[in-house]
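Novice: Sharing a model prediction with you, sequence too.
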Amino acid sequence: MRHKTLADVFKAFQKLKVLVIGDVMLDAYMYGDVDRISPEAPVPILNVKSRDQRLGGAANVALNIQSLGATPILCSVIGKDRSGVEFLDLMTSSGLSIEGITSSMSRKTTRKNRVISDGHHLLRVDEEEDLPLNEEDRRHLKRCVLRAMHDCDVIIMEDYDKGCLNQTLIAQIIEAAQRFKIPVAVDPKKRNFLHYKGATLFKPNLKELNEGLKVQINPTQQSTIYEAIVLLDKQLGCINYLVTLSEYGVFASKGKDFVDHPAHIRSIADVSGAGDTVISVAALGLALDLPLAFWSGLANLGGGIVCEYPGVIPIDYNQLLEEALSHSKFDSFFKH
(Lines give C-alpha, C1' and ligand atoms only; values in the text may rest on other atoms or scores of the structure.)
Protein backbone atom coordinates (compact mmCIF):
# COMPACT_ATOMS: atom_id res chain seq x y z
CA MET A 1 0.00 0.00 0.00
CA ARG A 2 1.44 3.36 -1.02
CA HIS A 3 0.40 5.08 2.22
CA LYS A 4 2.90 4.63 5.04
CA THR A 5 0.65 5.09 8.06
CA LEU A 6 -3.03 5.10 8.99
CA ALA A 7 -2.78 8.83 9.56
CA ASP A 8 -1.54 9.20 5.96
CA VAL A 9 -4.68 7.45 4.71
CA PHE A 10 -6.90 9.84 6.65
CA LYS A 11 -4.93 12.83 5.34
CA ALA A 12 -5.41 11.50 1.81
CA PHE A 13 -9.19 11.52 2.39
CA GLN A 14 -8.98 15.31 2.56
CA LYS A 15 -7.84 15.55 -1.06
CA LEU A 16 -10.82 13.64 -2.45
CA LYS A 17 -13.95 14.97 -4.12
CA VAL A 18 -17.02 12.72 -3.93
CA LEU A 19 -20.17 12.96 -6.04
CA VAL A 20 -23.23 11.74 -4.10
CA ILE A 21 -26.41 11.04 -6.08
CA GLY A 22 -29.74 9.85 -4.76
CA ASP A 23 -32.76 10.36 -2.55
CA VAL A 24 -32.50 13.00 0.16
CA MET A 25 -34.79 13.65 3.10
CA LEU A 26 -35.35 15.55 6.31
CA ASP A 27 -35.07 13.53 9.50
CA ALA A 28 -37.24 15.37 12.04
CA TYR A 29 -37.38 14.49 15.73
CA MET A 30 -39.90 15.39 18.43
CA TYR A 31 -38.77 14.65 22.00
CA GLY A 32 -40.97 14.70 25.07
CA ASP A 33 -42.43 12.99 28.11
CA VAL A 34 -45.33 10.57 28.30
CA ASP A 35 -47.10 10.24 31.65
CA ARG A 36 -50.70 9.61 30.72
CA ILE A 37 -53.02 8.01 28.17
CA SER A 38 -55.42 10.08 26.08
CA PRO A 39 -59.09 9.98 27.17
CA GLU A 40 -60.03 10.23 23.47
CA ALA A 41 -58.30 7.00 22.41
CA PRO A 42 -55.96 4.41 23.99
CA VAL A 43 -52.82 6.25 22.89
CA PRO A 44 -50.03 7.97 24.87
CA ILE A 45 -49.96 11.76 25.15
CA LEU A 46 -46.55 13.29 24.42
CA ASN A 47 -45.66 16.54 26.18
CA VAL A 48 -43.18 17.99 23.67
CA LYS A 49 -39.93 19.27 25.19
CA SER A 50 -37.74 19.79 22.13
CA ARG A 51 -37.48 19.34 18.38
CA ASP A 52 -34.60 18.66 16.03
CA GLN A 53 -34.06 18.35 12.28
CA ARG A 54 -31.21 16.64 10.48
CA LEU A 55 -30.21 15.91 6.91
CA GLY A 56 -31.05 12.35 5.91
CA GLY A 57 -30.71 9.89 3.06
CA ALA A 58 -28.07 10.83 0.50
CA ALA A 59 -27.61 14.14 2.34
CA ASN A 60 -26.39 12.23 5.40
CA VAL A 61 -23.92 10.44 3.14
CA ALA A 62 -22.67 13.88 2.03
CA LEU A 63 -22.30 14.85 5.71
CA ASN A 64 -20.30 11.67 6.36
CA ILE A 65 -18.01 12.46 3.42
CA GLN A 66 -17.54 15.99 4.76
CA SER A 67 -16.84 14.69 8.29
CA LEU A 68 -14.17 12.38 6.88
CA GLY A 69 -12.40 15.41 5.43
CA ALA A 70 -13.31 14.95 1.77
CA THR A 71 -15.41 17.33 -0.36
CA PRO A 72 -18.95 16.14 -1.17
CA ILE A 73 -21.02 17.25 -4.16
CA LEU A 74 -24.67 16.29 -3.66
CA CYS A 75 -27.07 15.93 -6.61
CA SER A 76 -30.75 15.28 -5.92
CA VAL A 77 -34.31 16.55 -6.41
CA ILE A 78 -36.53 17.96 -3.65
CA GLY A 79 -39.93 19.63 -3.62
CA LYS A 80 -40.70 23.33 -3.70
CA ASP A 81 -42.33 23.18 -0.28
CA ARG A 82 -41.73 24.10 3.35
CA SER A 83 -39.67 20.98 4.01
CA GLY A 84 -37.61 21.74 0.90
CA VAL A 85 -36.78 25.21 2.20
CA GLU A 86 -35.82 23.74 5.58
CA PHE A 87 -33.69 21.13 3.83
CA LEU A 88 -31.77 23.77 1.86
CA ASP A 89 -31.30 25.87 4.99
CA LEU A 90 -29.85 22.84 6.80
CA MET A 91 -27.49 22.13 3.91
CA THR A 92 -26.25 25.71 3.92
CA SER A 93 -25.78 25.81 7.69
CA SER A 94 -23.91 22.49 7.45
CA GLY A 95 -21.49 23.92 4.91
CA LEU A 96 -22.77 21.83 2.00
CA SER A 97 -23.21 23.28 -1.47
CA ILE A 98 -26.80 23.40 -2.75
CA GLU A 99 -25.70 23.82 -6.38
CA GLY A 100 -26.61 20.23 -7.30
CA ILE A 101 -30.07 20.31 -5.70
CA THR A 102 -33.09 20.75 -7.96
CA SER A 103 -36.33 22.11 -6.45
CA SER A 104 -39.34 20.77 -8.33
CA MET A 105 -42.97 21.83 -8.28
CA SER A 106 -43.96 18.24 -9.09
CA ARG A 107 -42.21 16.62 -6.10
CA LYS A 108 -42.71 16.45 -2.36
CA THR A 109 -39.67 16.69 -0.11
CA THR A 110 -39.36 13.47 1.89
CA ARG A 111 -39.71 14.11 5.61
CA LYS A 112 -39.55 11.45 8.34
CA ASN A 113 -41.06 12.66 11.62
CA ARG A 114 -39.99 10.60 14.65
CA VAL A 115 -41.66 10.84 18.07
CA ILE A 116 -39.35 9.86 20.93
CA SER A 117 -39.84 9.64 24.69
CA ASP A 118 -37.33 8.47 27.29
CA GLY A 119 -35.12 7.08 24.56
CA HIS A 120 -37.93 5.02 23.06
CA HIS A 121 -39.17 5.46 19.51
CA LEU A 122 -42.96 5.78 19.83
CA LEU A 123 -44.03 6.63 16.30
CA ARG A 124 -42.78 7.67 12.86
CA VAL A 125 -44.89 9.75 10.49
CA ASP A 126 -43.63 9.95 6.89
CA GLU A 127 -44.44 12.68 4.38
CA GLU A 128 -43.23 11.52 0.98
CA GLU A 129 -43.94 10.31 -2.51
CA ASP A 130 -41.94 7.62 -4.23
CA LEU A 131 -42.97 8.02 -7.86
CA PRO A 132 -40.13 8.19 -10.42
CA LEU A 133 -38.96 11.65 -11.46
CA ASN A 134 -40.78 13.16 -14.40
CA GLU A 135 -38.80 13.59 -17.60
CA GLU A 136 -37.91 17.24 -16.98
CA ASP A 137 -36.60 16.62 -13.47
CA ARG A 138 -34.69 13.55 -14.60
CA ARG A 139 -32.98 15.50 -17.39
CA HIS A 140 -32.09 18.29 -14.97
CA LEU A 141 -30.62 15.82 -12.49
CA LYS A 142 -28.64 14.11 -15.24
CA ARG A 143 -27.15 17.46 -16.33
CA CYS A 144 -26.13 18.24 -12.76
CA VAL A 145 -24.50 14.82 -12.38
CA LEU A 146 -22.56 14.94 -15.65
CA ARG A 147 -21.39 18.48 -14.93
CA ALA A 148 -20.08 17.49 -11.49
CA MET A 149 -18.61 14.16 -12.56
CA HIS A 150 -15.58 15.42 -14.46
CA ASP A 151 -13.41 16.33 -11.47
CA CYS A 152 -14.63 13.87 -8.82
CA ASP A 153 -12.65 10.89 -7.50
CA VAL A 154 -15.53 8.54 -6.68
CA ILE A 155 -19.31 8.42 -7.09
CA ILE A 156 -21.81 7.19 -4.51
CA MET A 157 -25.32 6.26 -5.65
CA GLU A 158 -27.56 6.32 -2.58
CA ASP A 159 -30.91 4.73 -3.39
CA TYR A 160 -33.77 4.96 -0.88
CA ASP A 161 -36.52 3.94 -3.33
CA LYS A 162 -38.04 7.45 -3.37
CA GLY A 163 -37.86 7.80 -7.16
CA CYS A 164 -34.73 9.89 -7.69
CA LEU A 165 -32.92 7.03 -9.44
CA ASN A 166 -34.36 4.78 -12.15
CA GLN A 167 -32.94 2.13 -14.45
CA THR A 168 -32.21 4.52 -17.33
CA LEU A 169 -30.45 7.15 -15.22
CA ILE A 170 -28.48 4.51 -13.32
CA ALA A 171 -27.17 3.01 -16.56
CA GLN A 172 -26.28 6.44 -17.95
CA ILE A 173 -24.34 7.40 -14.83
CA ILE A 174 -22.41 4.13 -14.64
CA GLU A 175 -21.59 4.27 -18.36
CA ALA A 176 -20.27 7.84 -18.04
CA ALA A 177 -18.29 6.95 -14.91
CA GLN A 178 -16.65 4.02 -16.72
CA ARG A 179 -15.61 6.36 -19.56
CA PHE A 180 -13.96 8.71 -17.06
CA LYS A 181 -12.56 5.76 -15.03
CA ILE A 182 -14.35 6.89 -11.86
CA PRO A 183 -15.29 4.17 -9.34
CA VAL A 184 -18.99 3.91 -8.47
CA ALA A 185 -20.19 2.73 -5.05
CA VAL A 186 -23.85 1.74 -4.73
CA ASP A 187 -26.10 1.55 -1.67
CA PRO A 188 -29.19 -0.15 -3.18
CA LYS A 189 -32.83 -0.64 -2.32
CA LYS A 190 -35.40 -3.13 -3.61
CA ARG A 191 -36.84 -1.35 -6.69
CA ASN A 192 -33.57 -0.88 -8.59
CA PHE A 193 -31.68 -3.75 -6.95
CA LEU A 194 -30.63 -5.48 -10.17
CA HIS A 195 -30.14 -2.33 -12.25
CA TYR A 196 -26.61 -1.43 -11.08
CA LYS A 197 -24.69 -3.52 -13.59
CA GLY A 198 -21.00 -2.76 -13.80
CA ALA A 199 -20.68 -0.76 -10.59
CA THR A 200 -17.37 -0.86 -8.70
CA LEU A 201 -18.96 -1.62 -5.33
CA PHE A 202 -22.41 -2.97 -4.49
CA LYS A 203 -23.35 -2.69 -0.80
CA PRO A 204 -26.67 -4.26 0.23
CA ASN A 205 -27.62 -5.13 3.77
CA LEU A 206 -28.77 -8.65 4.60
CA LYS A 207 -32.47 -7.85 4.23
CA GLU A 208 -31.93 -6.23 0.83
CA LEU A 209 -29.81 -9.15 -0.35
CA ASN A 210 -32.48 -11.66 0.72
CA GLU A 211 -35.26 -9.68 -0.96
CA GLY A 212 -33.26 -8.90 -4.09
CA LEU A 213 -32.30 -12.52 -4.73
CA LYS A 214 -35.40 -14.08 -3.14
CA VAL A 215 -33.26 -16.22 -0.86
CA GLN A 216 -32.86 -16.69 2.89
CA ILE A 217 -29.22 -16.35 3.93
CA ASN A 218 -27.80 -17.49 7.26
CA PRO A 219 -25.54 -14.59 8.32
CA THR A 220 -23.45 -16.88 10.54
CA GLN A 221 -22.35 -19.03 7.59
CA GLN A 222 -19.75 -17.54 5.27
CA SER A 223 -20.44 -20.10 2.57
CA THR A 224 -24.10 -19.10 2.16
CA ILE A 225 -23.19 -15.41 1.95
CA TYR A 226 -20.49 -16.08 -0.63
CA GLU A 227 -22.83 -18.29 -2.68
CA ALA A 228 -25.39 -15.48 -2.71
CA ILE A 229 -22.78 -13.01 -3.92
CA VAL A 230 -21.71 -15.39 -6.69
CA LEU A 231 -25.35 -15.60 -7.76
CA LEU A 232 -25.70 -11.82 -7.59
CA ASP A 233 -22.49 -11.28 -9.53
CA LYS A 234 -23.83 -13.29 -12.46
CA GLN A 235 -26.53 -10.64 -12.83
CA LEU A 236 -24.60 -7.48 -11.95
CA GLY A 237 -20.95 -8.07 -12.75
CA CYS A 238 -19.71 -5.63 -10.11
CA ILE A 239 -16.07 -5.60 -8.97
CA ASN A 240 -16.57 -5.50 -5.20
CA TYR A 241 -19.41 -6.55 -2.90
CA LEU A 242 -19.95 -5.53 0.71
CA VAL A 243 -22.84 -7.02 2.69
CA THR A 244 -23.67 -5.45 6.05
CA LEU A 245 -24.94 -8.05 8.52
CA SER A 246 -26.01 -5.90 11.49
CA GLU A 247 -24.81 -7.58 14.72
CA TYR A 248 -22.77 -10.05 12.65
CA GLY A 249 -20.54 -7.38 11.09
CA VAL A 250 -19.79 -7.22 7.35
CA PHE A 251 -18.78 -9.57 4.55
CA ALA A 252 -16.73 -8.24 1.62
CA SER A 253 -15.57 -9.89 -1.58
CA LYS A 254 -13.63 -9.12 -4.74
CA GLY A 255 -13.57 -11.95 -7.24
CA LYS A 256 -12.54 -15.08 -5.34
CA ASP A 257 -11.09 -13.08 -2.44
CA PHE A 258 -13.34 -12.45 0.53
CA VAL A 259 -13.10 -11.28 4.12
CA ASP A 260 -15.52 -11.03 7.01
CA HIS A 261 -15.28 -8.58 9.90
CA PRO A 262 -17.24 -9.31 13.08
CA ALA A 263 -19.17 -6.46 14.64
CA HIS A 264 -17.38 -4.56 17.40
CA ILE A 265 -18.97 -4.83 20.84
CA ARG A 266 -20.81 -1.59 21.52
CA SER A 267 -23.70 -0.05 23.39
CA ILE A 268 -26.20 0.39 20.56
CA ALA A 269 -28.42 3.47 20.74
CA ASP A 270 -29.68 3.72 17.15
CA VAL A 271 -28.76 1.89 13.94
CA SER A 272 -30.27 4.62 11.72
CA GLY A 273 -27.73 5.99 9.29
CA ALA A 274 -25.08 3.33 9.92
CA GLY A 275 -25.27 2.20 6.30
CA ASP A 276 -24.62 5.79 5.18
CA THR A 277 -21.37 5.78 7.14
CA VAL A 278 -20.35 2.37 5.81
CA ILE A 279 -20.79 3.36 2.16
CA SER A 280 -18.99 6.67 2.74
CA VAL A 281 -15.89 5.09 4.26
CA ALA A 282 -15.88 2.31 1.67
CA ALA A 283 -16.14 4.77 -1.23
CA LEU A 284 -13.15 6.75 0.01
CA GLY A 285 -11.24 3.49 0.27
CA LEU A 286 -12.08 2.72 -3.36
CA ALA A 287 -10.98 6.17 -4.45
CA LEU A 288 -7.58 5.60 -2.83
CA ASP A 289 -7.37 2.03 -4.20
CA LEU A 290 -6.92 0.62 -0.69
CA PRO A 291 -6.95 -3.17 -0.12
CA LEU A 292 -10.33 -4.88 0.23
CA ALA A 293 -9.71 -6.02 3.81
CA PHE A 294 -8.57 -2.55 4.84
CA TRP A 295 -11.44 -0.41 3.53
CA SER A 296 -14.11 -2.95 4.47
CA GLY A 297 -12.72 -3.22 8.00
CA LEU A 298 -12.59 0.54 8.38
CA ALA A 299 -16.15 0.86 7.04
CA ASN A 300 -17.32 -1.79 9.54
CA LEU A 301 -15.67 0.14 12.36
CA GLY A 302 -17.26 3.43 11.29
CA GLY A 303 -20.72 1.90 11.00
CA GLY A 304 -20.46 0.57 14.54
CA ILE A 305 -19.34 3.90 15.98
CA VAL A 306 -22.38 5.87 14.75
CA CYS A 307 -24.74 3.25 16.23
CA GLU A 308 -23.72 4.43 19.69
CA TYR A 309 -25.45 7.77 19.17
CA PRO A 310 -29.20 8.47 18.96
CA GLY A 311 -30.58 9.72 15.66
CA VAL A 312 -28.93 9.96 12.26
CA ILE A 313 -25.45 11.46 12.61
CA PRO A 314 -22.27 11.43 10.50
CA ILE A 315 -19.08 9.72 11.62
CA ASP A 316 -16.54 11.72 13.64
CA TYR A 317 -13.16 11.87 11.84
CA ASN A 318 -11.05 11.90 15.00
CA GLN A 319 -12.96 9.13 16.75
CA LEU A 320 -12.70 6.85 13.71
CA LEU A 321 -8.97 7.52 13.42
CA GLU A 322 -8.35 6.99 17.14
CA GLU A 323 -10.30 3.73 17.23
CA ALA A 324 -8.63 2.48 14.05
CA LEU A 325 -5.22 3.23 15.59
CA SER A 326 -6.18 1.09 18.58
CA HIS A 327 -6.83 -1.97 16.38
CA SER A 328 -3.65 -3.82 15.49
CA LYS A 329 -5.19 -5.37 12.36
CA PHE A 330 -4.91 -2.03 10.55
CA ASP A 331 -1.20 -1.74 11.45
CA SER A 332 -0.44 -4.93 9.53
CA PHE A 333 -1.16 -3.19 6.22
CA PHE A 334 1.74 -0.79 6.75
CA LYS A 335 4.38 -3.33 7.71
CA HIS A 336 6.79 -4.39 5.00
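Specialist: Nice, I can see it.
Novice: Show me where the chain has its strands.
Specialist: For the chain, the strands defined by DSSP state E cover 17-22, 24-37, 44-57, 71-79, 101-104, 111-117, 120-127, 154-158, 184-187, 201-202, 240-244, 250-254, 257-261.
Novice: and of the ones you listed, who's closest to Asn134?
Specialist: strand 101-104 (7.9 Å; C-beta to C-beta). (Glycine included, C-beta is placed from N, CA and C.)
Novice: Sheet-wise, list the partners of that closest one with their directions.
Specialist: Take DSSP bridges as the rule and strand 101-104 pairs in its sheet with strand 71-79 (parallel).
Novice: residue contacts, the nearest residue to Ala177 once chain neighbours are set aside?
Specialist: In space, not counting the residues next to it along the chain, Ala177 is nearest to Val184; the distance is 4.9 Å by C-beta to C-beta, 6 or more residues apart in numbering. Contacts here follow C-beta atoms under 8 Å, 6 or more residues apart in numbering; on that basis Val184 touches Val154, Ile155, Ile156, Met157, Ile173, Ile174, Ala177, Ala199, Thr200, Leu201.
Novice: and Val184, how far is that from Lys17?
Specialist: 14 Å (C-beta to C-beta, to the nearest Å).
Novice: what do you get for Ser83?
Specialist: Ser83 is 28 Å from Lys17, by C-beta to C-beta.
Novice: okay, those two: which has more neighbours?
Specialist: Ser83 (19 against 15; other C-beta atoms under 10 Å).
Novice: could you check the distance from the most centrally placed residue in the chain over to Leu6?
Specialist: The chain has Asp276 as the residue nearest its centroid, 2.5 Å off, counting by C-alpha atoms, centre = their mean. Separation of Asp276 from Leu6 (C-beta to C-beta) stands at 22 Å.
Novice: bridging residues for Leu26?
Specialist: Leu55, Arg111.
Novice: Tell me who's in contact with it.
Specialist: Per C-beta under 8 Å, 6+ apart, neighbours of Leu26: Gln53, Arg54, Leu55, Gly56, Ser83, Glu86, Phe87, Leu90, Thr109, Thr110, Arg111, Lys112.
Novice: rerun at 10 Å
Specialist: Neighbouring residues of Leu26 by C-beta atoms under 10 Å, 6 or more residues apart in numbering: 53-57, 59, 78, 83-84, 86-87, 90, 109-113, 127.
Novice: Dump the strands of the chain to CSV, plus mean pLDDT and distance to Glu208.
Specialist: CSV is the format used below for those (pLDDT from 0 to 100; distance: least, C-beta to C-beta, whole Å):
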stretch, mean pLDDT, distance to Glu208
strand 17-22, 98, 15
strand 24-37, 95, 18
strand 44-57, 95, 15
strand 71-79, 98, 20
strand 101-104, 96, 26
strand 111-117, 94, 19
strand 120-127, 92, 19
strand 154-158, 98, 13
strand 184-187, 98, 9
strand 201-202, 98, 10
strand 240-244, 97, 9
strand 250-254, 96, 13
strand 257-261, 93, 18
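Novice: now these as a markdown table including distance to Ser280?
Specialist: Listed next are the strands of the chain as a markdown table, based on distance: least, C-beta to C-beta, whole Å:
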| stretch | distance to Ser280 |
| --- | --- |
| strand 17-22 | 8 |
| strand 24-37 | 15 |
| strand 44-57 | 13 |
| strand 71-79 | 9 |
| strand 101-104 | 19 |
| strand 111-117 | 20 |
| strand 120-127 | 24 |
| strand 154-158 | 7 |
| strand 184-187 | 9 |
| strand 201-202 | 12 |
| strand 240-244 | 12 |
| strand 250-254 | 14 |
| strand 257-261 | 17 |
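Novice: closest to Ser296 out of these?
Specialist: Closest among the strands of the chain, using C-beta to C-beta: strand 250-254, at 3.6 Å.
Novice: Okay, angle between that closest one and strand 257-261 too, please.
Specialist: Orientation check (axes from the mean of the first three to the mean of the last three C-alpha atoms, to 10 degrees): strand 250-254 against strand 257-261 gives 170 degrees.
Novice: Check which strands are paired with strand 250-254 and give the direction for each one.
Specialist: By DSSP bridges, strand 250-254 pairs with strand 240-244 (antiparallel), strand 257-261 (antiparallel).
Novice: who are the neighbours in contact with Asp81?
Specialist: Phe87, Ser103, Ser104, Met105, Arg107, Lys108, Thr109, Arg111, Glu127.
Novice: Just grab the bridge partners of the last one for me.
Specialist: Yep, that's Glu127 we're talking about. Arg111.
Novice: Hmm, Asp27 and it touching each other?
Specialist: No - between Glu127 and Asp27 there is no contact, the gap being 11.9 Å when judged by C-beta atoms under 10 Å.
Novice: who touches both of the two?
Specialist: Thr110, Arg111, Lys112, Asn113.
Novice: Which one (most neighbours) among these?
Specialist: Thr110 leads those on contacts (other C-beta under 10 Å) with 26 neighbours.
Novice: So which residues of the chain form helices?
Specialist: Here the chain has its helices, by DSSP state H, at 6-13, 58-67, 82-93, 135-149, 167-179, 206-213, 222-236, 274-287, 292-306, 317-325, 328-331.
Novice: Of all these, which one is nearest His261?
Specialist: Per C-beta to C-beta, nearest to His261 of those: helix 292-306, 4.3 Å.
Novice: State the mean pLDDT of the closest one.
Specialist: Averaged over helix 292-306, pLDDT sits at 95.
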